[in-house]
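**Student:** Everything below, folded, please.
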Amino acid sequence: MKIKRTICYSSVFFLGLYCFTICFGASEQPDEAVGIVLDILKSGDQEMQAVAIAMVKDMPGTEVTKALVKELPNLSAASQVQLLSALSDRGDSAALPAVITAVKARDESVRIAALKAVGQLGDASSVDLLARTAAATGGAEQKAARESLYRLRGPKVDEAILAGITKGESKTKVELIKSAGERNISAGVNTLLTTAKDSDRKVRIESLKVLKVVAVPEQLPAMVELLLNLQSSSDLNEARKMIASVAHKIEDKNRQAEAVLAVLPSVKDVKKQCSLLSVLGKIGDSSALPRLREALGSNNIDSRGAAIRALAEWPTSEPAADLMKAAENSENKVYRILALRGSVQLLGLDNKRSTEETIEMYKKAMTLAPDAGEKKRVLSGLANTKSLKALQIVTGYFKDKALLKEAESAAVKIAGSIYESFPQQTRDALEKIVQTTNNEVLRKQAQEVINKIDTSSKQVEE
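**Tutor:** Sure thing, here's the model as predicted:
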């Protein structure tokens, strides 16, 4: 055994010397070096095999690759994994047939190593294999197949992916569509607009998701048309997000809704109108506000509801007053609550209103809130207003048991932001909380602010 190990070490020394000399073009013994590698691979000595395999990536020549892959099936699983990695590093496509065969090996670790190697050595002809493997497997094997599909290089790879999308089975289509997004295949927009109407739901949804990535604003009219022809609620939701995402790629924020606004007047079907109104809310382009305000006054209850929902998710506080008015005037209880919640949500966003005006809107929201649950939402929003008047309003609810916890929490939060300007008024409110609250966390927070007030007072006196 010692003699055999000594021979192996001598062989590895020669192999290392060979790999060093080829860097300088000085070696004239490639056949001997390959023979040494093969002898070590056949030896069954895994330690020596690992050393030899680590060196083969630097050995040039297709003949070397062919000799190595011929021995691949005869190695242990661990050595096959190492050799597959080395073959991948060599970058010689002559190894590809053997690597593809290894993708079907019994041992999972070998299959995973082979799939990774395909990503490095493969070309357009490997697309179908990787997509089908990703569709049929899970875990690390699926991950390896996907990553290799995303990593494949070659002039025809993207074309092969798009061609496969149109004719593959559903699960394979989904994997190919994912890869179109990961590879950002912008040429695939028309293909994806077609598969977004596929009979399989997963294919449709994945197509819509990828369109968000690969489509450009110039293609928005076609995407709006697609939206108008979808039926499933899940498809519609994804399509709305898709259109908004692509619209946000337009630099001029006041032009992001143009494609939707251009179509809206000609759409007579109420359900389709509502879809477009919803998209306007997700886009958040202020040029769309007149159209949404018009819908708020519509005779159709569904149009009014769609407008309320769209305005409720607006990215700025601009339509807060519109929602407050809708909450006050709507005859539909659900829409009244949605409008009220939306207005309260928007009041907390950055805005150009004065603090006094904002507080008055919160006060009105409290009068419109139909129950304690909605009043709690208003108090939570009011807590973000840095104003003595806001503090006075929330302390007025200390006597309401249903709202006490939210009122105390809001008071502590407001006090923490205004105590330097109004130390005595703030202290008075906080002392009430310290003395009466059942919430130990709030008592501690209130006392911390009181301590800050006392510290500031002492510093002023000194």
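**Student:** For the stretch 251-400 of the chain, give me the ranges with low pLDDT.
**Tutor:** Using pLDDT under 70 as the threshold, the predicted model of the stretch 251-400 of the chain has no low-confidence range.
**Student:** Number of residues surrounding the nearest residue to residue 282 once chain neighbours are set aside?
**Tutor:** Excluding its sequence neighbours, the residue lying closest to residue 282 (CB to CB, 6 or more residues apart in numbering) is residue 244, at 3.7 Å. C-betas here are computed from N, CA, C, even on glycine. Other residues near residue 244 come to 21 when the count uses other CB atoms under 10 Å.
**Student:** Then the one 4 residues further on?
**Tutor:** The local packing of residue 248 (other CB under 10 Å) involves 16 other residues.
**Student:** my guess is it contacts residue 282, does it?
**Tutor:** No: taking contact to mean CB atoms under 8 Å, the distance of 9.2 Å between residue 248 and residue 282 leaves them out of contact.
**Student:** Would you mind measuring from the residue nearest to residue 282 to residue 256?
**Tutor:** Distance from residue 244 to residue 256, counting by CB to CB, to the nearest Å: 8 Å.
**Student:** Show me whatever sits in contact with both of those two.
**Tutor:** Here residue 244 and residue 256 have residue 283 as joint contacts, going by CB atoms under 8 Å, 6 or more residues apart in numbering.
**Student:** so what's residue 66 closest to, chain neighbours aside?
**Tutor:** Take residue 66 and drop its neighbours on the chain: the residue closest to it by CB to CB, 6+ apart is residue 94, 6.1 Å away.
**Student:** Who are the contact partners of that neighbour?
**Tutor:** With contact taken as CB under 8 Å, 6+ apart, residue 94 is in contact with 62, 65, 66, 69.
**Student:** now residue 101
**Tutor:** Taking CB under 8 Å, 6+ apart, we find residue 101 in contact with residue 73.
**Student:** do the same with residue 271
**Tutor:** Taking CB under 8 Å, 6+ apart as the test, what residue 271 contacts is residue 302.
**Student:** element containing it?
**Tutor:** Of the helices and strands defined by DSSP states H and E, residue 271 is found in helix 270-283.
**Student:** Past that helix, which element shows up next along the chain?
**Tutor:** Beyond helix 270-283 in the direction of the C-terminus, DSSP H and E gives the next helix or strand as helix 289-296.
**Student:** Now do the helices in the stretch 251-400 of the chain.
**Tutor:** Assignment of helices within the stretch 251-400 of the chain using DSSP state H, counting those that start in this stretch yields the ranges 258-263, 270-283, 289-296, 301-312, 320-329, 333-347, 355-368, 372-382, 388-395.
**Student:** a markdown table for these, including distance to residue 224?
**Tutor:** Shown next, in a markdown table, are the helices of the stretch 251-400 of the chain (distance: least, CB to CB, whole Å):
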| stretch | distance to residue 224 |
| --- | --- |
| helix 258-263 | 5 |
| helix 270-283 | 8 |
| helix 289-296 | 14 |
| helix 301-312 | 15 |
| helix 320-329 | 24 |
| helix 333-347 | 25 |
| helix 355-368 | 35 |
| helix 372-382 | 34 |
| helix 388-395 | 43 |
